[in-house]
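J.: based on what follows, work out the 3D shape:
(2 chains)
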Amino acid sequence: MFFRVAAAIGIIALAVPAFAADQVEKAPPSGAYKKVSELVKLPDFLPGLGQLYVDPKTLPAGPFLAYDRDGRLVSTVYMLPVEDLTNKDKRFDDLAAPGGKVDHVDVYFNAGHPGVEKPHAHVVLWHVPKADETRVAGK
Amino acid sequence: MISRRHVFRIGGGILAGLALPRLSLASDPVEIRMQGKADGSHVWFDPIGLRIRAGQTISWINLDPGNSHTATAYHPKNFEHPLRIPEGAEPWNSDYLLPNETFSVTLTVEGVYDFFCAPHEHAGMVGRIIVGRPGKTHSEEAAAQEIPEAARLAFPSIDEIMNRGIVRPA
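T.: Numbering: from 1, shown residues only, chains lettered A, B, ... in the order given. Next comes the predicted model:
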């Protein structure tokens, strides 16, 4: 199920251009995005993800925009509750994909955190090559 | 942001109004670590089960660099959760602890105390402390109330804690 969702999101990401009105390449992004660590009590920089921004209206799914320590966009992340992925009546349609070109996609389970408390899947659209994932590694 | 000092002040606030829990300087705190895998796929308390003496202090520390955790007693005052601490014991809630923040509480009423991490109860991040003898356990009504299955299955048994003293996560 996760992989079907990931594939669908990947296709969306490739097909939908960034919104011209929002600058997302450098942190902070413009528009309605807010820093996640100012919305909920989470570390400002999450090892493996980076510094996250989200439009609160799009919670819990996102997109979350993830930046490295130099404020450069590295990935777009969706957080999809497992109970929703197994609900035949629940869909995630037309999720925004403002980050542009996607290099590769990771999908993995997350036990939860403030803001998205229930177990969920992280769907990570990386905008950088695999080797550059180290830009958001823990110190 | 809750500072280390503020965390202890929360503990002090709990202590001030009631006979328990109260600050005890007579014995070293027993530490429970809040931990998680780097990708957030698994989170846990370590130890998950603990037997202590009445009057000992428990200190939780968040050693998970990528997540926030709470130490929250099962009690109707905490998000209307079922009562799973001794009747008459004061509940506690650490609020969110960022990495390396701590929270302490001293338990003086004997019995079984169950606690959870607020954002991770659904993932089974719970723990159990037995102070002295387990005595009367939680009421049938409380035991029957719904808690997430992952949490319900994660508690070590009272017998295991009494026999081993410390139960580490599997």
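
J.: and A:Asn110, how far from A:Asp89?
T.: A:Asn110 is 23 Å from A:Asp89, where distance means Cβ to Cβ, to the nearest Å. In short, each C-beta sits where N, CA and C put it, glycine included.

J.: who's more crowded, the two?
T.: A:Asn110 (25 against 5; other Cβ atoms under 10 Å in any protein chain shown).

J.: list the contacts of the closest residue to B:Gly88 other than its chain neighbours.
T.: Nearest residue to B:Gly88, sequence neighbours excluded (Cβ to Cβ, 6 or more residues apart in numbering or on different chains): B:Val109, at 5.9 Å. Counting by Cβ atoms under 8 Å, 6 or more residues apart in numbering or on different chains, B:Val109 touches B:Leu20, B:Ala54, B:Pro86, B:Gly88, B:Ala89, B:Val131.

J.: is B:Ile163 in a helix, a strand, or coil?
T.: Heads up, residue B:163 is Asn, not Ile. Under DSSP: H, G, I helix; E, B strand; the rest coil, the three-state class of B:Asn163 is helix.

J.: please identify the helix or strand for the spatially most central residue of chain B.
T.: Residue closest to the average C-alpha location in chain B (Cα atoms, centre = their mean): B:Phe115, at 3.9 Å. Per DSSP states H and E: B:Phe115 is located in strand B:111-116.

J.: what's that strand packed up against?
T.: With contacts defined as 3 or more Cβ pairs under 8 Å, 6 or more residues apart in numbering or on different chains; DSSP states H and E, strand B:111-116 has these neighbours: strand B:72-73, strand B:126-131.

J.: the last one and chain A, any residue contact?
T.: No. Figure legend: strand B:126-131 not in contact with chain A (Cβ under 8 Å from any Cβ of the partner chain); closest approach 12.5 Å.

J.: remind me what that strand packs against, helices and strands.
T.: Applying 3+ Cβ pairs under 8 Å, 6+ apart, one finds that strand B:126-131 contacts strand B:49-52, strand B:111-116, helix B:158-164.

J.: could I get the buried residue list for stretch B:59-79?
T.: Neighbour-count burial for stretch B:59-79 flags B:59-62, B:64-75, B:78 (criterion: 16 or more other Cβ atoms under 10 Å in any protein chain shown).

J.: do the same with stretch B:83-96
T.: Taking 16+ other Cβ under 10 Å as the criterion, stretch B:83-96 shows B:Leu83, B:Arg84, B:Ile85, B:Pro86, B:Ala89, B:Glu90, B:Pro91, B:Trp92, B:Asn93, B:Ser94, B:Asp95, B:Tyr96 as buried.

J.: and the residue nearest to the spatial centre of chain A, what element?
T.: The centre of chain A sits closest to A:Val77, judged by Cα atoms, centre = their mean, with a distance of 1.3 Å. Counting by DSSP H and E, the element that carries A:Val77 is strand A:73-81.

J.: is the next helix or strand after that strand positioned near chain B?
T.: Per DSSP H and E, the first helix or strand lying C-terminal to strand A:73-81 is helix A:82-85. No. Helix A:82-85 does not reach chain B (Cβ under 8 Å from any Cβ); its nearest approach is 9.1 Å.

J.: contact partners for B:Met125?
T.: Contacts of B:Met125 by Cβ under 8 Å, 6+ apart are A:Ala111, B:Val43, B:Trp44, B:Phe45, B:His69, B:Phe116, B:Cys117, B:Ala151, B:Ala154.

J.: can I get those residues in JSON lines including secondary structure?
T.: JSON lines is the format used below for the contacts of B:Met125 (three-state DSSP):
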{"residue": "A:Ala111", "secondary structure": "coil"}
{"residue": "B:Val43", "secondary structure": "strand"}
{"residue": "B:Trp44", "secondary structure": "strand"}
{"residue": "B:Phe45", "secondary structure": "strand"}
{"residue": "B:His69", "secondary structure": "strand"}
{"residue": "B:Phe116", "secondary structure": "strand"}
{"residue": "B:Cys117", "secondary structure": "coil"}
{"residue": "B:Ala151", "secondary structure": "helix"}
{"residue": "B:Ala154", "secondary structure": "helix"}
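
J.: show me which of the residues you listed is closest to A:Leu73.
T.: Lowest distance from A:Leu73 to these (Cβ to Cβ) belongs to A:Ala111, with 25.9 Å.

J.: which one is that closest one nearest to, not counting chain neighbours?
T.: Nearest non-adjacent residue to A:Ala111, counting by Cβ to Cβ, 6+ apart: B:Ala123, 3.6 Å away.

J.: got the contact list for that neighbour?
T.: A:Ala111, A:Gly112, A:Pro119, B:His42, B:Val43, B:Ala150.

J.: poorly predicted segments of chain A, please.
T.: Applying pLDDT under 70 to chain A picks out residues A:1-21.

J.: spell out which parts of it neighbour chain B.
T.: Residues of chain A lying close to chain B (Cβ under 8 Å from any Cβ) are A:40-43, A:46-49, A:108-114, A:117-119, A:122, A:138.
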